[in-house]
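**Q** below is the sequence, then the predicted model.
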Number of protein chains: 2
Amino acid sequence: MTAQSVNLFSAEQPLVLASGEKLGPIQVAFETYGTLSPEKDNAIFICHALTGDAHAAGKYSLEDVKAGWWDAFIGPGRGLDTEKYFVICANVLGGCTGTTGPTSISPLTGKRYGLNFPFITIEDMVRVHRALVAHLGIEKLAAVIGGSLGGMQVLEWVAQAPEALQNAIVLASAAQLSAQGIAFNTVGRRAIYADPNFKNGEYYHDGEVPRYGLALARMIAHITYLSESSIEMKFGRKLQDDSDQFAFELQQETEFQIESYLHYQGKRFVERFDANSYLYLTRAMDYFDLAARYGGLETALKETTARFLIASYTTDWLFTSAQSRELVSTLISNGKHVSFCELESPFGHDAFLLEIDQLTQLVRAFLQVDEL
Amino acid sequence: MTAQSVNLFSAEQPLVLASGEKLGPIQVAFETYGTLSPEKDNAIFICHALTGDAHAAGKYSLEDVKAGWWDAFIGPGRGLDTEKYFVICANVLGGCTGTTGPTSISPLTGKRYGLNFPFITIEDMVRVHRALVAHLGIEKLAAVIGGSLGGMQVLEWVAQAPEALQNAIVLASAAQLSAQGIAFNTVGRRAIYADPNFKNGEYYHDGEVPRYGLALARMIAHITYLSESSIEMKFGRKLQDDSDQFAFELQQETEFQIESYLHYQGKRFVERFDANSYLYLTRAMDYFDLAARYGGLETALKETTARFLIASYTTDWLFTSAQSRELVSTLISNGKHVSFCELESPFGHDAFLLEIDQLTQLVRAFLQVDEL
């Protein structure tokens, strides 16, 4: 694993964002796994999801408790086999783990951007990813893969640069977020705005960040990542061991295990994520609409030469199988090569991060066709 | 329509709550529609849902814009026909529209209870309802009907007083809330706690109530009341007419119609509901578990002589048809008379409030059996 950072674009040659605003230079944090072939034809780009980062696999040191977020899927002999492929993962534009975003210092003011960071879209994220790929000297990617917000980036990539990738792998995703998904993002953002420490995004210099609001936003989102069956399976209605009956969460430790789990997830999240980044990235997700952007889904996908693997999960209610099927039928009617699989899993939307054996089999089989 | 209020229980003869605490006197706000027969055998009791109240039908004055919350279902020739039945609806214990709850003045301190109000359960709510029915001189109800939290009260009523009702009508409800439901209630409550105006429930004397937190809780809950299809149908991803592209909700009017709708719902809600009441009632909902309370669902339902009508809605994901079916199969294996209907509706959990024609047909047919 190599963790790196590079400056792309510049003040003189900025990235022109979808909004019309200009941004440059843009720092991009990325990691690579495996070795780029002399022909530079074995690169796979991973697009991470909403709260992911460039650290997809491996550990920085032996003391690290946790490996990268998709570690079981990346490595020698794994789903993305680093003995064959050169795997790249970069933090998205607007993120908070090394790539330019609202936590970065604005060259104009010398202070952190906060909400003065320009509005970004998934289109912009992909432009930055593509600039990184060009910087690495790679003309055509063997594959681009991503789940959820990552899958949206894969679809945008196909529309933006139809011949720049050989394979497109879209997991638990869609060409647009559902109205329900927008609704959950909305209340999450409102929880952040409502935190008195939010201060319109100007919280970097006071030591106090909007922890409570961000944790709440994460808790809301987390429910949508779990299926009803996984939540029942994992927690049922079990009471916490040491609890008295009849209490509010305020007065003592929370009572139902699901409450304490959500609270734990929320608390852990605020240690590693920035509230402003959360606002920018969820908003980009809301606005993503491949069909509207390119004048129809057919048009968006018409030019590409990529082969597609689309996978959905039976209990995912945030990005449903119906949404994947819509995508698949457009691809088929466009005469594209597309494999579709609705994977059986009880884990809801989170399944693409958890069901690694299943995913490994599927992706290896799909990519193997190239070797035949 | 007659809107009334009565004091039940007393300091000397208090209600002993499920928690062991004592409460009395308890004021109960209720309304009645139609006329009680001389035999007092034509009374139907309506149990309202989480944020409902005693004002189920009619208008207080001609100037009233809105009628009671179930107006289209109650009246001469309607689903609950007031030419036949004497219909009663009472605000629940812990509510904020006339029945004793956290907004009431504590006789001990002379101040509003706030979070010093004792912890209440659905069992307690039903004890108060039953005391009201006894106060009205009614020994046996022709029916008890309710949706959602109201349906839980109907089930509790059956378990608590198996021979006190002839018919039990349970709509979009269950013998316990799902873990997912608990999760959504949890984040809603946390939104209230996080509001700086909440002040641990002591906000009554400062003029400033936790509006933002309560509105947010309502927005979260509201999403769970809508189905994905109703939300798509109603709002799709339409942008608000006058909006610019690319914005946060903070900076201007919200952009997607669903956001503005949720925001409107949240704002309207805080004008009519109390945050502490919301905490108490959602918590009662979380704790409700008929099987656990009575040593099994079979045991809870064993003694009753009531006929059951259970109805669920195809797109309700908060109280699913599967939960209703579980209830139905227990009733059947107990040899009870039970009618079950899964109603086709695109409106999700809210359907029991919206699909009045359907409900009218169903309930009239069910109740007519008594007349044969």
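**A** On my side now, so go ahead.

**Q** may I have the phi/psi pair for the closest residue to residue A:196 other than its chain neighbours?
**A** Distances taken as C-beta to C-beta, 6 or more residues apart in numbering or on different chains put residue B:196 closest to residue A:196, at 5.1 Å, once the chain neighbours are dropped. In short, each C-beta sits where N, CA and C put it, glycine included. Residue B:196 adopts backbone torsions of phi -60, psi -20, taken as degrees, to the nearest 10.

**Q** let me know the pLDDT of residue B:196.
**A** For residue B:196, the model assigns a pLDDT of 90.

**Q** what is the neighbour count of it?
**A** By other C-beta atoms under 10 Å in any protein chain shown, 14 other residues sit near residue B:196.

**Q** tell me who's in contact with residue A:55.
**A** Residue A:55 is in contact with A:3, A:31, A:68, A:69, A:89, A:97, counting by C-beta atoms under 8 Å, 6 or more residues apart in numbering or on different chains.

**Q** mind checking the SS state of the first one?
**A** With DSSP: H, G, I helix; E, B strand; the rest coil as the basis, the three-state label of residue A:3 is strand.

**Q** ok, it to residue A:56 distance?
**A** 11 Å (C-beta to C-beta, to the nearest Å).

**Q** need the overlap of contacts for the two.
**A** With C-beta under 8 Å, 6+ apart as the test, residue A:3 and residue A:56 both reach residue A:31.

**Q** filter the contacts of residue A:55 down to the buried ones.
**A** Buried members of the contacts of residue A:55, counted by 16 or more other C-beta atoms under 10 Å in any protein chain shown: A:31, A:68, A:69, A:89, A:97.

**Q** gap between the third one and chain B?
**A** Here the distance between residue A:69 and chain B works out to 23 Å (C-beta to the nearest C-beta, to the nearest Å).

**Q** does that residue touch residue A:52 like I think?
**A** Yes. Shown here, residue A:69 and residue A:52 form a contact pair, counting by C-beta atoms under 8 Å, at 5.5 Å.

**Q** what about the strands in the stretch 101-250 of chain A?
**A** A:143-147, A:167-171 (DSSP state E, counting those that start in this stretch).

**Q** who's in contact with residue A:132?
**A** A:6, A:8, A:28, A:30, A:88, A:90.

**Q** restrict those residues to the buried ones and give me that as a PyMOL selection.
**A** Applied in PyMOL, the following selects the buried portion of these according to 16+ other C-beta under 10 Å:
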select buried, chain A and resi 8+28+30+88+90
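
**Q** quick check: the farthest pair among the contacts of residue A:132?
**A** Across those, no pair lies farther apart than A:8 and A:88, at 13.8 Å, counting by C-beta to C-beta.

**Q** start and end of stretch A:205-216, how far apart?
**A** Using C-alpha to C-alpha, to the nearest Å, one end of stretch A:205-216 lies 22 Å from the other.

**Q** which residues are in contact with it?
**A** In contact with stretch A:205-216 (C-beta under 8 Å, 6+ apart) are residues A:111-112, A:188, A:191-199, A:203, A:263, A:266-267, A:269-270, A:273-275, A:278, B:187, B:190-191, B:194.

**Q** please report how far the most centrally placed residue in chain A lies from chain B.
**A** In chain A, the C-alpha closest to the average C-alpha coordinate belongs to residue A:49, at a distance of 1.1 Å (C-alpha atoms, centre = their mean). Going from residue A:49 to chain B by C-beta to the nearest C-beta gives 20 Å.

**Q** is stretch A:340-355 positioned near chain B?
**A** No. For a cut-off given as C-beta under 8 Å from any C-beta of the partner chain, stretch A:340-355 has no contacts with chain B; the smallest distance is 10.1 Å.

**Q** just the mean pLDDT for that stretch, thanks.
**A** 97.

**Q** and what of stretch A:31-51?
**A** Here the average pLDDT along stretch A:31-51 is 98.

**Q** let's see the distance spanning it from one end to the other.
**A** 16 Å.

**Q** mind listing what's buried in that stretch?
**A** Buried, per 16+ other C-beta under 10 Å, within stretch A:31-51: A:31-34, A:36, A:42-51.

**Q** so what's residue A:160 up against?
**A** Contacts for residue A:160 were tallied using C-beta under 8 Å, 6+ apart; they are A:123, A:126, A:127, A:130.

**Q** which of those are buried?
**A** For the contacts of residue A:160, buried by 16+ other C-beta under 10 Å: A:123, A:126, A:127, A:130.

**Q** would you confirm that the last one contacts residue A:153?
**A** What that stands for is residue A:130. No. Applying C-beta under 8 Å as the test, residue A:130 and residue A:153 come out as separate, 10.4 Å apart.

**Q** quick one: secondary structure of residue A:27?
**A** With three-state DSSP as the criterion, residue A:27 reads strand.

**Q** roughly how far apart are residue A:191 and residue B:280?
**A** Counting by C-beta to C-beta - residue A:191 and residue B:280 are separated by 22 Å.

**Q** more neighbours, the two?
**A** residue A:191 (30 against 26).

**Q** that one against residue B:193, yeah?
**A** No. Residue A:191 lies out of contact with residue B:193 (C-beta under 8 Å); the separation is 11.6 Å.

**Q** quick one on the thing from earlier: next step: the contacts of residue A:132 restricted to strands.
**A** By the criterion of DSSP state E, membership of the contacts of residue A:132 in strands covers A:6, A:8, A:28, A:30, A:88, A:90.
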